[in-house]
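> Any chance you could fold what I've pasted below:
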Amino acid sequence: RMETGCNPMELPNNTTFEEVSDYKDFEGTDVKDLRLEAEAVVNDVLFAVSNMFVSKMLPCAEYVAYINVENRERNRYCLELSEAGLRVVAYEFDQTDDRLQTPYHETVYSLLDSLSPAYREVFGNALLQRLEALKKDSQS
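Numbering: from 1, shown residues only. Sure thing, here's the model as predicted:
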């Protein structure tokens, strides 16, 4: 007999399956398309790296997408984007290495900041230019 974590007899009578299911967010239009989110990530920071694109070789699904990035130091990475965040899964484009245990980052900025001093500099300079432009706009 298989042991389960939830005894259906313990559920109140008025509980529906949707309330119990961990997967209710994946029904209908609530599905988060991570391929679209991956494209947005790429468009957001492409200016600060040498090359970045969503992998067409690795499978994208509702719950995961892969992004290839080459930083300005010419190091290549394959990133996994999931609900847990972003992390490096290989040091080559279109690859995953299950033995690689890298930390998740909440944002692409944090991840790239940890991988590339040149990214940090380019991103910081772009931020300064935007702030200067805002300052000029507010003074006119």
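> Near Leu100, how many other residues are there?
14 (other CB atoms under 10 Å). Backbone N, C-alpha and C define where each C-beta goes, glycine included.
> In the protein, spot the helix with the most residues.
Determined from DSSP state H, the single longest helix within the chain is helix 117-139.
> So which elements touch that one?
With contacts defined as 3 or more CB pairs under 8 Å, 6 or more residues apart in numbering; DSSP states H and E, the packing partners of helix 117-139 are helix 108-115.
> Outside of the helix it packs on itself, which residues are in contact with it?
41, 44-45, 48-49, 69, 71, 75, 77, 79, 86-88, 105, 119-120, 123 (CB atoms under 8 Å, 6 or more residues apart in numbering).
> Now do the longest helix of the chain: everything it contacts.
Val45, Phe47, Ala48, Val49, Asn71, Arg72, Glu73, Tyr109, Leu112, Asp113.
> now the first one, nearest residue through space, not along the chain?
Nearest residue to Val45, sequence neighbours excluded (CB to CB, 6 or more residues apart in numbering): Val108, at 5.6 Å.
> So for the longest helix of the chain, mean pLDDT?
Taken as a whole, helix 117-139 has a mean pLDDT of 93.
> Helix 108-115 and that helix, what's the angle between them?
When axes from the mean of the first three to the mean of the last three CA atoms, to 10 degrees is applied, the directions of helix 117-139 and helix 108-115 differ by 140 degrees.
> Tell me the buried residues in helix 117-139?
Neighbour counts using 16 or more other CB atoms under 10 Å place Ala118, Tyr119, Arg120, Val122, Phe123 of helix 117-139 among the buried residues.
> so how far is stretch 126-140 from its chain's centroid?
Offset of stretch 126-140 from its chain centre (CA atoms, centre = their mean, to the nearest Å): 29 Å.
> Could I get the full set of helices for this structure?
Under DSSP H, the chain gives helices at 17-20, 34-45, 108-115, 117-139.
> and the longest helix of the chain, C-alpha only, in CSV?
Taking Å, rounded to 0.1, in the frame of the first residue of the first chain, the C-alpha atoms of helix 117-139 are listed here in CSV:
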residue,chain,number,x,y,z
PRO,A,117,32.8,43.1,-13.2
ALA,A,118,32.4,44.5,-16.7
TYR,A,119,28.6,44.1,-16.5
ARG,A,120,28.6,45.9,-13.2
GLU,A,121,30.5,48.8,-14.7
VAL,A,122,28.4,49.1,-17.9
PHE,A,123,25.1,48.8,-15.9
GLY,A,124,26.3,51.4,-13.3
ASN,A,125,27.3,53.9,-16.1
ALA,A,126,23.9,53.4,-17.8
LEU,A,127,22.2,54.1,-14.5
LEU,A,128,24.2,57.3,-14.0
GLN,A,129,23.4,58.5,-17.4
ARG,A,130,19.6,57.9,-16.8
LEU,A,131,19.9,59.8,-13.5
GLU,A,132,21.7,62.7,-15.1
ALA,A,133,19.0,62.8,-17.8
LEU,A,134,16.3,62.8,-15.2
LYS,A,135,18.1,65.6,-13.3
LYS,A,136,18.2,67.8,-16.4
ASP,A,137,14.5,67.1,-17.2
SER,A,138,13.5,68.1,-13.7
GLN,A,139,15.5,71.4,-13.9
